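Undergrad: Here is the input, now give the coordinates:
(one chain, ligands or ions: 1)
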Amino acid sequence: MSSVLSIHQRLERVTPELFTRFFYAKKVPEMSCFWCHTANMSIPQMDVTPVAAYNPDSESTSGGASQSSSYVGYICINPTQPTSVLSYQYRIICKKCGFTNHIAVHPILNWLEENAGNNREV
Ligand SMILES: [Zn+2]
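TA: Residues are numbered from 1 along each chain as shown. All right, here's what the predicted structure looks like:
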């Protein structure tokens, strides 16, 4: 049984780079809006600043030590089942007309975890 925390931990490993690599691996053509066909799409991202990287004594703001990362933002569509991976989706939003695509998280998590430990580019 997986906990709520472990699902969020799994989802936080999906960086924007891995997200786009997944679609490339699955041979999905360039993302464009289903309605207006523009390619001007946005993927919500959440920033993560590692606690260990925060150093108030550091005067440098450009050093590699204070790197933050980000992961693809997701939504919970079924709050009554927060431990189910099926309750979560990604959104890809058209910046022109606002049409929103919803993508189930589990194919991406499965792909990511199947390829974990495999350093080859997929
Ligand atoms: Zn659109």
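
Undergrad: Pass me the low-pLDDT residue ranges in this structure, would you?
TA: 1-5, 51-67, 117-122 (pLDDT under 70).

Undergrad: Parallel or antiparallel, list what pairs with the top strand by length along it.
TA: Ordering each strand of the chain by length in residues (DSSP state E) puts strand 88-94 first. Strands that pair with strand 88-94, judged by DSSP bridges, come out as strand 41-42 (antiparallel), strand 74-76 (antiparallel), strand 100-104 (antiparallel).

Undergrad: How far does that strand sit from its chain's centre?
TA: 10 Å (C-alpha atoms, centre = their mean, to the nearest Å).

Undergrad: what's the answer for stretch 25-33, then?
TA: On C-alpha atoms, centre = their mean, the centre of stretch 25-33 falls 16 Å from the chain's centre.

Undergrad: right, is the longest strand of the chain up against the ion?
TA: Yes. Counting by C-beta under 5 Å from the ion, the ion is contacted by strand 88-94 at residue 94. Just so you know, the C-beta spots here come from the backbone N, C-alpha and C atoms, and that holds for glycine as well.

Undergrad: Contact residues of this protein facing the ion?
TA: 33, 35-36, 94, 96-97, 99.

Undergrad: Tell me the buried residues within those.
TA: The neighbour count (16 or more other C-beta atoms under 10 Å) marks 33, 94 as buried among the residues of the chain next to the ion.

Undergrad: need the residues of the chain next to the ion in JSON lines with secondary structure, can you?
TA: Below are these laid out as JSON lines (DSSP: H, G, I helix; E, B strand; the rest coil):
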{"residue": "33", "secondary structure": "coil"}
{"residue": "35", "secondary structure": "coil"}
{"residue": "36", "secondary structure": "coil"}
{"residue": "94", "secondary structure": "strand"}
{"residue": "96", "secondary structure": "coil"}
{"residue": "97", "secondary structure": "coil"}
{"residue": "99", "secondary structure": "coil"}
